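Asker: starting from these lines, generate the structure:
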Amino acid sequence: MLVAAAVCPCPPLLVPEVAAGAAAELDAARDACADALGVLAASRPDLLVVLGPAGPQARRPYQQGTRGSFAAFGVDLEVRLGAGAGGSAPGTRDPAPERPLPPSLSVAAWLLDRANWAAAPVEGLGVGEPLAAARCAEAGREVAARADRVALLVMGDGSACRTLKAPGYLDARAEGFDAAAARALGTADTAALLAMNEDLAYALKAAGRAPWQVLAGAGEGAGLSGQLLYEDAPYGVGYFVAAWS
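Answerer: Below you'll find the model as predicted:
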């Protein structure tokens, strides 16, 4: 059963070594992520599942200890998923597979390491960005049934079309899309998340849509409340941090 969730953005720029001279611009986002992870730890989970967009792959699991790297972003920095967590995630086997973490889960691994996560075993799930809402919800229900007390760290960004210099250029629909996403994430509104328009999310390059809908499936009936800890679009991309408990 889902007992807590943290929603965080997943740009590699969240890692100071990648952002370099611009690192301070996301200090507030990093602090909010740390606060959200604190909510996860306080929930005393039996298992932490980390979700994040992973390109076209439908669903791809990653064991605790799987390595990720920021070499593709010009930084010689390696991370491991849940490196400091005790025990092994239910149903996993050692050693960890050779397949590396996708960038979103590498950022999550960095956040967990920064928070000295040791509250529960960790496993990862890469979510394909085209995954339909119904399948996302089904995946979420399966994740929530993985242990008696499951916590989620959900990585994902909003629209990438908020300004002329944004990765997706300016789209007048982006601001309204992000406002609705922030409202749903901040109030733990699972119905609103599942009702997000998949085609619009794709057009606006909102990589968080599928992971958020997995979260919605996991949170159905859990009775959690939400709090929006951060909302901004510093590079024309919607970034949100929320905590559910």
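
Asker: show me where pLDDT drops low in this protein?
Answerer: For the chain, residues meeting the criterion pLDDT under 70 lie at 57-58, 86-98.

Asker: please enumerate the strands of it.
Answerer: With DSSP state E, the ranges of strands along the chain come out as 2-8, 47-53, 59-62, 67-69, 78-80, 122-127, 150-155, 226-232, 239-244.

Asker: can you list contacts of the first one?
Answerer: It refers to strand 2-8. Strand 2-8 is contacted from outside by 14, 33, 36-37, 39-40, 42-45, 107-108, 111, 144, 149-156, 185, 208, 212, 215, 218-219, 222, 224, 240-245, using Cβ atoms under 8 Å, 6 or more residues apart in numbering. C-betas here are computed from N, CA, C, even on glycine.

Asker: could you rerun that using 7 Å?
Answerer: Under the criterion Cβ atoms under 7 Å, 6 or more residues apart in numbering, residues 33, 36-37, 39-40, 43, 45, 111, 144, 149-155, 185, 215, 218-219, 222, 224, 240-245 lie in contact with strand 2-8.

Asker: quick check, central residue of the chain?
Answerer: Per Cα atoms, centre = their mean, the C-alpha nearest to the average position across the chain is that of Met155, at 1.2 Å.

Asker: show me what that one bridges to in the sheet.
Answerer: When bridges are assigned using DSSP bridges, the partners listed for Met155 are Cys8.

Asker: just the buried subset of the contacts of strand 2-8, written out for PyMOL, thanks.
Answerer: Here is the PyMOL command that selects the buried residues among these (16 or more other Cβ atoms under 10 Å):
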select buried, resi 33+36+37+39+40+43+45+111+144+150+151+152+153+154+155+185+215+218+219+222+224+240+241+242+243+244+245
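
Asker: circling back to that earlier point, a markdown table for the strands of the chain, including distance to Ala28?
Answerer: Below are those laid out as a markdown table (distance: least, Cβ to Cβ, whole Å):
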| stretch | distance to Ala28 |
| --- | --- |
| strand 2-8 | 13 |
| strand 47-53 | 21 |
| strand 59-62 | 29 |
| strand 67-69 | 24 |
| strand 78-80 | 22 |
| strand 122-127 | 25 |
| strand 150-155 | 18 |
| strand 226-232 | 6 |
| strand 239-244 | 9 |
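
Asker: so for Ala191, which of these sits nearest?
Answerer: Each of the strands of the chain was scored for nearness to Ala191 using Cβ to Cβ, and the closest is strand 226-232 (12.9 Å).

Asker: was I right to think Ala108 contacts Met155?
Answerer: Yes - here Ala108 lies in contact with Met155, judged by Cβ atoms under 7 Å, at a distance of 5.1 Å.
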